[in-house]
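>>> This is the structure alone, sequence omitted:
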């Protein structure tokens, strides 16, 4: 079955639910709202961004106002596009602060600071952050194996031994990649039995202004099928 591309939404529309990528789209729309970005201001920023992109020799050809605007206003967004959105808003540094709740009611805290001009591989940010999260939850070899058995049992209720081995091998490979997609990162949180994530995104703008933006992710909203299926742009995200 051919998956459909995420639809573009009207500027300023509120995203309440959707695919895993809708989390990032919702957060980006919230940032625009919090910053008071009007449609006119959005267009001015777009013109400035395109002009800047055209002047850089290492920029890929084909960057245009239409293509970028479509990416930033889609209902589902990749991690790479989200970072492009922060660049569009002239963010020089950001810090992600997480409050993670698991099924047992335990709460874990983790944060990561990223300098925009030091990003070499978008997915590496997520893979490194995930390793930090595993340390925060007190990951051990025994706990990892216990969580893996639990995840496989839940994902393969009626699967054969071969199916179960395939799920285990696939997840092991995904979680240990040096570059991780947003979908895999979310799957990794589900693997850790995280049910709710309170996110605070602190942005330092090139003007030195600092702004904070919050959101809550309920991981129970996503089924295993949502996390397993690859969308049209996940292959480009790493």
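Okay, I see it. Everything numeric here is computed off the predicted structure, so don't read it as measured data. Numbers count the residues shown, from 1 in each chain.

>>> Show me how the record splits this structure into domains.
For the chain, automatic domain parsing gives the domain ranges 1-89, 91-227.

>>> Please report the distance of residue 38 from residue 47.
14 Å (Cβ to Cβ, to the nearest Å). C-betas here are computed from N, CA, C, even on glycine.

>>> ok so, going back, out of the domains of the chain, which gets the lowest mean score?
Lowest mean pLDDT within those: domain 1-89, a mean of 77.

>>> circling back to that earlier point, adding mean neighbour count, write the domains of the chain out as JSON lines.
Converted to JSON lines, the domains of the chain look like this (neighbours: other Cβ atoms under 10 Å):
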{"stretch": "domain 1-89", "mean neighbour count": "15"}
{"stretch": "domain 91-227", "mean neighbour count": "15"}
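
>>> Now do the contacts for the nearest residue to residue 109 once chain neighbours are set aside.
Of all residues not flanking residue 109 in the chain, residue 99 sits nearest, at 5.9 Å (Cβ to Cβ, 6 or more residues apart in numbering). Taking Cβ atoms under 8 Å, 6 or more residues apart in numbering, we find residue 99 in contact with 107, 108, 109, 197, 198, 200.

>>> Next, find the distance separating the residue most central in space within the chain from residue 122.
Among the residues of the chain, the one closest to the centroid is residue 182, at 3.9 Å (Cα atoms, centre = their mean). Distance, residue 182 to residue 122, using Cβ to Cβ: 9 Å.

>>> Kindly report the same for residue 82.
9 Å.

>>> Look at residue 151 and give its secondary structure.
In three-state terms, and counting by DSSP: H, G, I helix; E, B strand; the rest coil, residue 151 is helix.

>>> Show me what whatever helix or strand residue 86 lives in is packed against.
Element membership of residue 86 [criterion: DSSP states H and E] is helix 79-88. Contact here means 3 or more Cβ pairs under 8 Å, 6 or more residues apart in numbering; DSSP states H and E; on that basis helix 79-88 packs against helix 22-34, helix 39-55, helix 65-72, helix 122-136, helix 182-191.

>>> helices or strands next to the longest one in the packing?
The helices and strands touching helix 39-55, judged by 3+ Cβ pairs under 8 Å, 6+ apart, are helix 65-72, helix 79-88.

>>> Pull the distance from that helix to the chain's centre.
Centroid separation between helix 39-55 and its chain, computed with Cα atoms, centre = their mean, to the nearest Å, is 24 Å.
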